[in-house]
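A.B. asks: Dropping a prediction and its sequence here:
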Amino acid sequence: MSLPVCTYGNPILRQKAAEVMMVNDDLRELAREMFETMYAEQGVGLAAEQVGRTERMFVVDIPPEGDVGEDGERENPGIEMPIVFINPKIVGHSETVQVGPEGCLSFPDIFANVERWYEVDAEYIDLKGVPQRIHAKGLLSRAIQHELDHLDGILLVDRMSHVKKVALGGKLKRLVKETKKKLG
């Protein structure tokens, strides 16, 4: 069953996620539903807050064609997708940054160039409850940083330049209005 995606203006998107204390069947079911929702919405990542939940968890699935660097080679060939990140944290990053377009399922049809680290080292717990560590580059690194922002209540609009916010002002106001109308 696909879950409804919370859009900009929904207060849950500003909440900090709560640490997951135990990996259990309910959490695994939430992860399954989040993947289903993410695929239905054609995204590459989805945080629990985006589906109205506050668990410190997100899911990511970068398609092979999206995992290619400027040299035409896979950037993360040894990393199996999809991945569920529970209680994730970034423990290291490159000095090199990447600036590129980001979209967000909570901001339909809105894109903005965002600066992110090109590489990150992240630690997380998997769906078996086992601690993991990952070294990610390119789009996977960007997705991890974007989804981790969600878990901390930081949104795409917070990463946009002032000029971009002004340019998208009308769209953003309409989205908030539509969201508030849905929430009643």
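C.D. replies: That came in fine, so what should we check first?
A.B. asks: What backbone torsions are found at residue 85?
C.D. replies: Dihedral angles of residue 85 (phi, psi; degrees, to the nearest 10) stand at phi -110, psi 120.
A.B. asks: What pLDDT does the model give it?
C.D. replies: Note for residue 85: predicted pLDDT of 98.
A.B. asks: Look up how far residue 2 lies from the closest residue to it other than its chain neighbours.
C.D. replies: Leaving aside its sequence neighbours, residue 85 sits nearest to residue 124 (CB to CB, 6 or more residues apart in numbering; 4.2 Å). Every residue, glycine included, has its C-beta placed from N, CA and C. Using CB to CB, to the nearest Å, residue 124 is found at 24 Å from residue 2.
A.B. asks: neighbour count winner among these two?
C.D. replies: residue 124 (21 against 14; other CB atoms under 10 Å).
A.B. asks: Assign a three-state SS to that one, would you?
C.D. replies: Following DSSP: H, G, I helix; E, B strand; the rest coil, residue 124 is assigned to strand.
A.B. asks: residues near the closest residue in space to residue 18 that isn't next to it in sequence, how many?
C.D. replies: Nearest residue to residue 18, sequence neighbours excluded (CB to CB, 6+ apart): residue 54, at 5.1 Å. Per other CB under 10 Å, the neighbour tally for residue 54 reads 13.
A.B. asks: can you pull the pLDDT of residue 54?
C.D. replies: 96.
A.B. asks: Then residue 158?
C.D. replies: In this model, residue 158 is scored at 97, pLDDT.
A.B. asks: From residue 112, how far out is it?
C.D. replies: 10 Å.
A.B. asks: ok, these two, which is more surrounded?
C.D. replies: Neighbour count, other CB under 10 Å: between residue 158 and residue 112, residue 112 has more, with 19 against 11.
A.B. asks: from what I can see the more buried one touches residue 163, true?
C.D. replies: No: counting by CB atoms under 8 Å, residue 112 does not reach residue 163; the two are 10.1 Å apart.
A.B. asks: Next, the contact list for the most centrally placed residue in the chain, please.
C.D. replies: Nearest to the mean C-alpha position of the chain, by CA atoms, centre = their mean, lies residue 147 at 2.5 Å. Residues in contact with residue 147 (CB atoms under 8 Å, 6 or more residues apart in numbering) are 45-47, 58, 60, 85, 88.
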